[in-house]
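Student: need a structure here:
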Amino acid sequence: MALLGTLLPVHAAENAGQTEAVITQSVTAEAHQQKAKPAKHSHATKHKKPGKTRPATAAGPAYSTRPEVMRFADELAARRNLNPQWVRRAMGQAALVPAVVRLMQPPTQPFVKNWAAYRNRFMDATRIDAGVKFWKDNQATLARAEKEYGVPSEIIVGIIGVESIYGRNTGSFRVIDALTTLAFDFPASHPRAAERAAFFKGEIEQFLSLQSRLGADPMLPLGSYAGAMGMPQFMPSSWVRFAVDFDGDGKIDLWNSPADVIGSVASYFKAFDWKPGMPTHYPVSFDAAKLDLDGLMAPDILPTFSVASFTAKGAVLEGAALQHKGPLALVELLNGPDPASYVAGTENFYAITRYNWSSYYAMAVIELGNAVKLSLP
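Tutor: Numbers count the residues shown, from 1 in each chain. Got it, this is the predicted structure:
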């Protein structure tokens with residue numbers, strides 16, 4: 001995603017308006033995909049070049065017969081000064097993918113959020129062991145990224161692990177198919193269908209402009225069902241804005257270069273105001289006599305409260321949290337029928353949600369990264 005990695009990133013998720021229900025749906029799709037087709041690589045840094053593997057998803061009719069798609073192709077080519085025949089050919093060869101439409105459908109049953117269940121999808125031995133290997137193999141690069149961008153290694157490692165299990169699952173949909181399907185056949189039943197379709201039209205434009213600059217074949221890259229690409233599952237617009245050539249070889253490769261992936265994730269967080277040295281969250285409890293839970297929850301996960309205003313509404317902080325200088329937010333993580341979990345989120349917690357618009361996602365990234373760090377020899 002961002003990413004939507006197997007989750008939709010802001011770079012996919014924020015921009016694509018991802019809900020918790022869709023996030024869970026995409027994680028389930030990831031699990032089914034892995035079960036049906038196990039990863040062939042024996043370790044995290046062995047990847048196939050984009051397009052070397054055939055798409056594993058069935059596609060429907062090509063878009064060459066859709067006049068509105070061909071008009072869009074001509075307009076895109078004119079806006080971006082691209083070869084119009086090249087653009088028409090790329091978009092005309094794109095095919096509608098029914099699975100993509102199905103995955104974007106709103107849930108048909110009431111969705112019950114459950115942090116414990118969500119967490120368990122990521123805190124497994126396979127993912128943690130892969131993270132340890134990735135960290136050991138790229139220790140110097142992670143340290144360099146942390147020094148240059150101020151983003152801790154465990155956050156970078158957590159992101160890559162949640163998004164693609166360190167490159168083991170970068171998606172099996174042709175990116176051009178996924179983007180075109182969502183731009184022109186986004187499910188009308190979705191409450192924000194028009195806005196989402198417009199977003200994906202913008203992503204097609206970014207994707208084809210990028211492929212043209214690279215002299216690359218737009219029919220080859222494979223990604224998530226939302227068109228997110230590579231180990232960090234960047235949407236095309238995020239690739240254009242935030243990806244960096246961190247290994248210095250003159251090109252950016254988010255499929256096969258762990259250095260480019262590490263640097264690009266760090267670059268992303270720096271762009272979204274990561275605060276070096278700041279914790280992501282603190283423990284919080286409540287003073288029942290003073291508690292104004294509605295007031296604490298009103299800003300959602302946007303850090304708004306000073307320590308004084310936070311505690312005045314009945315939140316109880318201890319230790320270093322009482323000396324925190326920036327704003328805080330009360331982050332609620334529902335646990336289905338069980339009591340909810342709460343933390344006091346900082347600006348850095350909020351920064352992680354800019355990668356994927358979900359407090360559940362952010363906590364999964366934090367906990368996976370910390371678990372990997374604690375498992376290092």
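
Student: following element in sequence after the longest helix along the chain, please.
Tutor: Counting by DSSP state H, the longest helix found in the chain is helix 193-214. Per DSSP states H and E, the first helix or strand lying C-terminal to helix 193-214 is strand 222-223.

Student: quick one: buried residues of the very next helix or strand once past that following strand?
Tutor: Downstream of strand 222-223, the next assigned helix or strand under DSSP H and E is helix 236-242. Neighbour counts over helix 236-242 (16 or more other Cβ atoms under 10 Å) mark Pro236, Ser237, Ser238, Trp239, Phe242 as buried. Glycine gets a C-beta too; all of them are placed from N, C-alpha and C.

Student: now for helix 236-242, which elements pack on it?
Tutor: Secondary-structure packing of helix 236-242 (3 or more Cβ pairs under 8 Å, 6 or more residues apart in numbering; DSSP states H and E): helix 193-214, helix 258-271.

Student: mean neighbour count, distance to Val284 and mean pLDDT added to those, as a markdown table?
Tutor: Output for the helices and strands packed on helix 236-242, formatted as a markdown table (neighbours: other Cβ atoms under 10 Å; distance: least, Cβ to Cβ, whole Å; pLDDT from 0 to 100):
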| stretch | mean neighbour count | distance to Val284 | mean pLDDT |
| --- | --- | --- | --- |
| helix 193-214 | 19 | 34 | 97 |
| helix 258-271 | 25 | 24 | 98 |
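
Student: among the ones you listed, which is nearest Ala344?
Tutor: helix 258-271 (20.0 Å; Cβ to Cβ).

Student: who are the packing partners of that closest one?
Tutor: Helix 258-271 packs on helix 139-149, helix 153-164, helix 236-242, going by 3+ Cβ pairs under 8 Å, 6+ apart.

Student: how far off centre is the last one?
Tutor: Average the C-alpha atoms of helix 236-242, do the same for its chain, and the two points are 13 Å apart (Cα atoms, centre = their mean, to the nearest Å).

Student: what about that helix, average pLDDT?
Tutor: Averaged across helix 236-242, the pLDDT comes to 98.

Student: also the second one?
Tutor: Mean per-residue pLDDT for helix 153-164: 98.

Student: so Arg79 sits in a strand?
Tutor: No - read with DSSP: H, G, I helix; E, B strand; the rest coil, Arg79 is helix and lies in no strand.

Student: could you pull out the strands for the stretch 51-200 of the chain?
Tutor: 173-174 (DSSP state E, counting those that start in this stretch).
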